[in-house]
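J.: build the 3D model from these lines:
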Amino acid sequence: MRFDIRLLPFVLTLSAVVPAAAQDPPLREAHPSDDFRVREAMVPMRDGVKLYTLILTPKDAKAPLPILFERTPYDATRALSGTASIRLEVVRGRRYLGGGYVFVAQDLRGRFKSEGVYAMYRVPRGEFNNTQTDETTDAWDTIDWLVKNVTPNNGRVGVWGTSYPGWLTLAALRDPHPALAAAVPFNPVVDVWKADDWFHWGAFRAGYAFDFIYSMQTRKGASVGYPYETRDAYAWLLAQGSAAALGSRLDERHEMWPRLVENPAYGPYWKDCAADRWFPSPKRLVATLHVHGFWDQEDIYGAPAAYAALEAHDSANDLNYFAAGPWYHGQHFADGARLGPLAFDEDTAKRFREDVLDPFLRRFLKDERVDPPAPATVFETGANRWRRFDRWPPAVETRRLYLQPGGRLGFEPPGTGDAATEYVSDPKKPVPHAPRPQWGYDYDNPAVIAAWRRWLVEDQRFVDGRPDVATWLSEPLTVPLTIRGALKARLFAETTGSDADWVVKLIDVYPDDDPGGLEMSGYQLMVSADIFRGRYRESFERPSPLAPSQVLAYEIPLPHANHTFRRGHRLMVQVQSSWFPLYDRNPQTWVPSIMTAPPDSYRAQRHRVHHAPAHPTHLELAVDTATR
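T.: Numbers count the residues shown, from 1 in each chain. Just a heads-up that it's a prediction; the model follows:
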């Protein structure tokens, strides 16, 4: 099965000629004691396609209300949450922000009750979409219909959404309707190649992508789970081989898969999808609150990148806001008191909703005279406290944390001693990204999703000591160390092969007898980590082989952090060359595309990470010296 990306405009054009679906029975029977009204509408787009839209309006409105609007591929009727209740507060759950809003949810084209053909991450009109519509025009047309047809409304609309709906929220900002007054992209997908969803710096999230694409593109009116014959994702994916071989289990319905397989480099299509590239000169700056989770297991790149893109245009620093908590993907609308074994002394998500989200929406959608949140409201992990800044990241000092001979780690450059640390990386025995068994990504299974949500905070002792994981450890800190913002690894390494992946992890090592209790004693907490595919060392667009047995330099971006390493804790850096099954295996021999790598190309290679004066591998940390 091959997919020519040039055919995508043809796929999108089909959406204009698909007939309307048969009318479904009413979503919910009205009850005389309901404190809200339910309305369903098929809203026409400019090309005639109609999109299913669910409207929930409080009955006790004393004045015209603003509209909170979400566009989703995940079933708009979930806005009723499946909870049988006469109270909107119960139906909406933690997404309820008081009775002062009309809540609207809409199915995307071709999903659930909407007409048209679904195209995953439908790009803006242009080279890869020559139709008259895209997600920006669909948002514009719907907002226009809402302010004219929903009563009572005050003429102000806020667009919000998490993950994919967060990307759709950013799409609405490309050409904002005059009534669009506020936007809240929560954990948005922003760049699916750099470090959201599909790829992280060239390494492909094969199993995650396979599961999501099968779920979303198998049946229009449902999310369908793949019937795995082997439940442990590690064992199942290891047996599949390359991404192309894995794709043999899909068919023509799953048009996103061949698009991924045939475009592994950072080409024009992925750049068109990247939401942070949409705003070189915004038509109008809408008040926007970008919401991020420091342990977001799905879209850890997006919110800081989108915030930075729009912050460049907020000259008065009064329209573009940033908030970040110690959360997994979407935890801002859940219980935020803990993540895995980490306890945060309060429900951080509830605090965010009350102190940041609520006043932001009241100010910009209701025009109430309330103080807006700080330009940046960010939870400081390790110290367990909220911090407020004029922007994110704040001005800090860059310090270099060096790998040193003998497995040591410190802020002084390496001196004499062993020039490098070496290990053998075998793609037939890849390093797991989380403890086994790994059950996949099934959001309908509480045990499965709980493990998926916490993997970024798993105790890294489950791989510490493996011969294919290199480790460096500092002395215990005598004073706290606080880092804020993005990190970067500058790696000097060589391989006997002609390609390699590099995983770099910055870890907070708790004392062996931690005051927090037995569970946290000696705990190895990942603070920031990511993977980089070596073939993209010189160019994201044009991969090239690595010169065997030559020291090469790599610059590896790492996710943002706002973390205090407390006194008595140690810093650790781990380097490895696989993170499986979340990321596909690098064969470590040169092939034109790893997506189609034959079985005999996967070979063990010896890797060396250098820490000599001439090749000083280090991490660049943004250290806040004012907190010492």
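J.: secondary structure class for the nearest residue to Pro372 once chain neighbours are set aside?
T.: Closest residue in space to Pro372, ignoring its immediate chain neighbours: Arg363 at 5.1 Å, by C-beta to C-beta, 6 or more residues apart in numbering. Heads up, the C-betas are built off the backbone N, CA and C, glycines and all. Under the three-state scheme (DSSP: H, G, I helix; E, B strand; the rest coil), Arg363 adopts helix.
J.: spit out the contact partners of Arg363.
T.: Arg363 sits next to Ala287, Val370, Asp371, Pro372 when contact means C-beta atoms under 8 Å, 6 or more residues apart in numbering.
J.: between the residues you listed, which is nearest Pro545?
T.: Nearest to Pro545 among the contacts of Arg363 is Ala287, at 48.0 Å by C-beta to C-beta.
J.: which strand residues bridge Val410?
T.: For residue 410 the amino acid is Gly, not Val. Tyr402 (DSSP bridges).
J.: look up how far Pro616 lies from it.
T.: Distance of Gly410 to Pro616, given as C-beta to C-beta, to the nearest Å: 12 Å.
J.: same thing with Arg249?
T.: From Arg249 to Pro616 the distance is 46 Å (C-beta to C-beta).
J.: who's more crowded, these two?
T.: Pro616 (16 against 12; other C-beta atoms under 10 Å).
J.: correct me if wrong: that one contacts Tyr402.
T.: Yes: counting by C-beta atoms under 8 Å, Pro616 does reach Tyr402; the two are 5.7 Å apart.
J.: what sits in contact with each of these two?
T.: Pro413, Pro414.
J.: low-confidence regions, the protein specifically.
T.: Segments of the chain classed as low confidence (criterion: pLDDT under 70) are 1-26, 82, 627-628.
J.: helices of that one, start to end?
T.: Taking DSSP state H as the test, the helices found in the chain are 8-13, 88-92, 135-149, 164-172, 206-217, 233-240, 243-246, 256-261, 268-273, 302-311, 348-352, 358-365, 446-454.
J.: out of those helices, which gets nearest to Pro467?
T.: Once the helices of the chain are compared by C-beta to C-beta, helix 233-240 is nearest, at 18.4 Å.
J.: now do that closest one: everything it contacts.
T.: Outside of helix 233-240, the residues within contact range by C-beta under 8 Å, 6+ apart are 206-207, 228-230, 246, 430, 432, 436-440, 580-581.
J.: mind redoing it with 6 Å?
T.: Helix 233-240 is contacted by residues Gly207, Tyr228, Thr230, Leu246, Pro432, Arg436, Gln438, Gly440, Pro581 when judged by C-beta atoms under 6 Å, 6 or more residues apart in numbering.
J.: and the fifth one, what are its bridge partners?
T.: Taking DSSP bridges, one obtains Phe580 as the residues bridged to Pro432.
J.: any idea how far Arg385 is from it?
T.: 33 Å.
J.: okay, those two: which has more neighbours?
T.: The residue with more neighbours, out of Pro432 and Arg385, is Pro432; 20 against 12, by other C-beta under 10 Å.
J.: what's near enough to touch the residue nearest to the spatial centre of the chain?
T.: By C-alpha atoms, centre = their mean, the chain has its centre lying nearest to Asp299, at 0.6 Å. Counting by C-beta under 6 Å, 6+ apart, Asp299 makes contact with Asn187, Val189, Asp196.
J.: count the neighbours of the last one for me.
T.: The local packing of Asp196 (other C-beta under 10 Å) involves 28 other residues.
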